[in-house]
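1. below are the sequence and a predicted model for it; my questions follow.
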Amino acid sequence: MTRPTPTSSESQVHPLPAPQESRVLDTDVGAIIGALTLVVVGLWSRHGGVTALGDSAAKTYTSLAQLTGLLCSEAGLLGLILITRTPLMERRYGLDRMFNWHRLLGEAMAIFLALHIAFSVASWAIPSGTMNAIQSLTGKEPYMALTSVGSVIVLLVTISSLKWFRNKLSYEMWYFVHLTAYFGLAASFSHQIVLGTDFADDALARGFWVAIHVALVAWIIWSRWGRFFVALARPLHVSAVTHEAEGITSVVLSGKHLRKAKAQGGQFYLVRQLVKGRWWQSNPFSLSAQPTTAGLRFTVKARGESSNAFTNIALGTRVIVEGPYGVCTPDVVNSEKVLLVGGGIGIGPVMSFLEQLTPQHEPIVLYRVSSEQEMSQVKGIEGLATARNGSVQTLVGPRATLKVADPFSADALLKAVPDLAQRVVIVAGPESMVKAVQRGARAAGVPVENIHAERAWW
Amino acid sequence: MVVVSKKPTLSRQIFPAVALTVIGVGFISQLDNPGSEVVLEGAIGAVTPSTLATNTTLAPSPVISVEGSGTCDGDVVTGPTAVFKWGGLQLQATFTKKNVLCNVTVLNYPNEDDKSLSINQSALPVYNQEATEAGNAQIAVVSGATDSWRAYTAGLQAILDAHPA
């Protein structure tokens, strides 16, 4: 491993400072959602939506089609705000919660879309018959052919994101299907402006609608491409690769730009290799050591096409990172004692978290893996824990071979950690394990606000 | 490392909601209200003299033969003037002997400005056609001509109500 001799200013390795806290409050988010809903429903009502409800069947359906169409758009707009990953929200809620809300809003959008289509067809079918209505709404009316294609895409994207389907698709496949949603949404925008009674007839409403969409598109372009180019201007390189266990590799990324970076243990980055055929893909990787000016360390498990490519990465490969993300940082702990639970590759974030704790936290680490081969860095973890007045307990073996049905039940947890109720619980690992720990810890008397979970990002 | 967040003040929590609500309500109040009101004026059968002598005449709806109902030689009913946001709209409907609607003519429509004129000249013939085909006032709206649609359907419904089949 050859590295340029560090200059005197670079030779002083120090931990990276913590990223700034977000000033956004829950009430702010509520105010924005509330105001947008108010404007959307107000728009509909002001344009006669409410009075039309009691009128003839055709008018009632038309009015309901308008309302569901507007609400469909609102859910779409809010869902798209979330994928800008705006630090304003990310620093407060964390990317995993934002993704979750994005998914919920996507599902809400699909439901409103289905209702909107049903009400539109019903209202057009009254004067002209169902077949004529369907013909008009899929092609005859201006922009409706485009809109129909868009609706089909949006519905397909939603279906592909349902848990059942999502688990059957590779990440790469799902990602490409998901990208087409942009086209679907853009395709349906035209009919809102041209056919949508609320916008076609009212210049002010139309101006507002176009303006918020343009602003959102600009924001998304900035968040996707702008941040990509910023990261491109500050590339890092692979400075160390360590094989930890079967299929598990630690990679250290270094570069002079780290001197100005801010990050904390427990956080994660979106990482891209600048290698032909891979630059367009980013993977979320959790820090597995306290981030310092010397480097960011990630411990990666081979479990997909692009993460496989990371476990075999060559020294010196140029890499760009976007982040850091994640709100489960040592900031959530004050002076309380700490219990860290890491499952599988979730031990990575646990290590980086642990490294930033002090002896007053007396950290206990529970390390859960399904096989000996996957155990990694146990010595390192023990070293870190002992130096902080703490200890490590491991639980190895496939679930079926364990003596107890639920190793994270309140009883089992209390047996392993008698003072559990006085501790802050940090858990990272597979979703099922995170849920089991949350349930067990709560039952053992840990207040909800003292349980912090982070998804294991590879 | 230990960051104790300052608890936000009540005013900091409430201000954004109040400000955004005020802006939202202000915005909504500025929106076009499509004269939710359509007021019907004048009696059925009476031709309201046009307020505008220069009314550009529109082609009546094509006289279509209604199967089994004979030709368009029944009652001719002149509707009330449907007064709405942009002016007045008056229709005249012709029925077959068997009292099926078979033709609609627009007697008056708002044409004071170029915008009204162009909207109505393109939309009203469509409404005439749709109404004649449907035989009632359940017709689809032409985008951009919602106000006229409200007045038109209100006026036509008044004629149909006064002239039961």
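-> Received it, and whenever you're ready, just let me know what you need.

2. can you show me the helices along the stretch 1-150 of chain A?
-> Per DSSP state H, counting those that start in this stretch, the stretch 1-150 of chain A carries helices over the ranges A:8-11, A:26-46, A:49-53, A:57-83, A:87-93, A:95-128, A:130-135, A:144-161.

3. which one of the ones you listed has the most crowded surroundings?
-> When the helices of the stretch 1-150 of chain A are scored by mean count of other C-beta atoms under 10 Å in any protein chain shown, the highest mean neighbour count falls to helix A:57-83 (a mean of 21). C-betas here are computed from N, CA, C, even on glycine.

4. check which helices and strands it sits against.
-> Using 3 or more C-beta pairs under 8 Å, 6 or more residues apart in numbering or on different chains; DSSP states H and E, the elements in contact with helix A:57-83 are helix A:26-46, helix A:49-53, helix A:95-128, helix A:171-194, helix A:197-200, helix A:203-221.

5. what angle do that helix and helix A:26-46 make?
-> Between helix A:57-83 and helix A:26-46, the angle comes out at 160 degrees (axes from the mean of the first three to the mean of the last three C-alpha atoms, to 10 degrees).

6. so for helix A:57-83, mean pLDDT?
-> For helix A:57-83, the mean per-residue pLDDT is 92.

7. how far off centre is it?
-> 25 Å (C-alpha atoms, centre = their mean, to the nearest Å).

8. next, the angle helix A:203-221 makes with that helix.
-> Using the same axes, to 10 degrees: helix A:57-83 against helix A:203-221 is 30 degrees.

9. quick one: buried residues of the longest strand anywhere in chain A?
-> Under DSSP state E, the strand in chain A containing the largest number of residues is strand A:236-245. Within strand A:236-245, the residues that qualify as buried are A:236-239, A:241, A:244-245, counting by 16 or more other C-beta atoms under 10 Å in any protein chain shown.

10. tell me the one among those residues nearest to A:Leu354.
-> A:Glu244 (16.1 Å; C-beta to C-beta).

11. verify the stated contact: the closest one with A:Thr299.
-> Yes: the criterion here is C-beta atoms under 8 Å, and A:Glu244 meets it with A:Thr299 at 6.3 Å.

12. check what contacts the helix or strand following the longest strand of chain A and list those residues.
-> Downstream of strand A:236-245, the first helix or strand assigned by DSSP states H and E is strand A:248-254. Contact partners of strand A:248-254, identified using C-beta atoms under 8 Å, 6 or more residues apart in numbering or on different chains, comprise A:3, A:236-244, A:271, A:288, A:294-302, A:310-313, A:319, A:321, A:345, A:374, A:376-377.

13. can you flag the buried ones in those residues?
-> Buried subset of those (neighbour count, 16+ other C-beta under 10 Å): A:236-239, A:241, A:244, A:271, A:288, A:294-302, A:310-311, A:313, A:319, A:321, A:345, A:374, A:376-377.

14. would you map the helices across the stretch 301-450 of chain A?
-> Under DSSP H, counting those that start in this stretch, the stretch 301-450 of chain A gives helices at A:305-311, A:347-355, A:378-387, A:410-416, A:431-443.

15. so which of the ones you listed gets nearest A:Gln264?
-> That would be helix A:347-355 among the helices of the stretch 301-450 of chain A, by C-beta to C-beta, at 8.0 Å.

16. who does the helix or strand of chain B with the lowest mean pLDDT pair up with?
-> In chain B, no helix or strand scores lower on mean pLDDT, DSSP states H and E than strand B:39-41, which sits at a mean of 78. If you go by DSSP bridges, strand B:39-41 pairs up with strand B:76-84 (antiparallel).

17. JSON lines for the buried residues of strand A:236-245, including pLDDT and distance to chain B?
-> Shown next, in JSON lines, are those (pLDDT from 0 to 100; distance: C-beta to the nearest C-beta, whole Å):
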{"residue": "A:Leu236", "pLDDT": "95", "distance to chain B": "25"}
{"residue": "A:His237", "pLDDT": "94", "distance to chain B": "29"}
{"residue": "A:Val238", "pLDDT": "94", "distance to chain B": "29"}
{"residue": "A:Ser239", "pLDDT": "93", "distance to chain B": "26"}
{"residue": "A:Val241", "pLDDT": "92", "distance to chain B": "30"}
{"residue": "A:Glu244", "pLDDT": "87", "distance to chain B": "27"}
{"residue": "A:Ala245", "pLDDT": "84", "distance to chain B": "31"}
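
18. show me the common contact partners of A:Glu244 and A:Thr299, please.
-> Joint contacts of A:Glu244 and A:Thr299 (C-beta under 8 Å, 6+ apart) are A:250, A:376-377.

19. most packed of the helices of the stretch 301-450 of chain A?
-> Among the helices of the stretch 301-450 of chain A, highest average neighbours (mean count of other C-beta under 10 Å) belong to helix A:347-355, with a mean of 29.

20. how much does that one deviate in direction from helix A:378-387?
-> If you take the same axes, to 10 degrees, helix A:347-355 sits at 30 degrees to helix A:378-387.

21. just the angle between helix A:347-355 and strand A:236-245, please?
-> Comparing the axes of helix A:347-355 and strand A:236-245 via the same axes, to 10 degrees yields an angle of 110 degrees.

22. run the chain-centre distance for helix A:347-355.
-> Relative to its chain's centre, helix A:347-355 lies at 20 Å (C-alpha atoms, centre = their mean).

23. now the angle between strand A:248-254 and that helix, please.
-> If you take the same axes, to 10 degrees, helix A:347-355 sits at 50 degrees to strand A:248-254.

24. now, which of the shared contacts of A:Glu244 and A:Thr299 sits nearest B:Ala151?
-> Within the shared contacts of A:Glu244 and A:Thr299, the smallest distance to B:Ala151 is 74.0 Å, found for A:Ser250 (C-beta to C-beta).

25. neighbours around that closest one, how many?
-> Look at A:Ser250: counted by other C-beta atoms under 10 Å in any protein chain shown, it has 21 neighbours.

26. ditto for B:Lys98
-> For B:Lys98, the count of nearby residues is 12 (other C-beta under 10 Å).

27. for it, helix, strand, or coil?
-> coil (DSSP: H, G, I helix; E, B strand; the rest coil).

28. can you read off the pLDDT for it?
-> 80.

29. how close does it get to B:Cys72?
-> From B:Lys98 over to B:Cys72 the distance is 11 Å, taken as C-beta to C-beta, to the nearest Å.

30. list the contacts of the residue in the stretch 201-350 of chain A positioned nearest to chain B.
-> The nearest approach of the stretch 201-350 of chain A to chain B comes at A:Asp202, 4.1 Å away (C-beta to the nearest C-beta). A:Asp202 sits next to A:47, B:31-32 when contact means C-beta under 8 Å, 6+ apart.

31. let's see if you can find the most crowded of those residues.
-> A:His47 (25 neighbours).

32. just give the closest residue to it, not the sequence neighbours.
-> Leaving aside its sequence neighbours, A:His47 sits nearest to A:Asp198 (C-beta to C-beta, 6 or more residues apart in numbering or on different chains; 5.1 Å).
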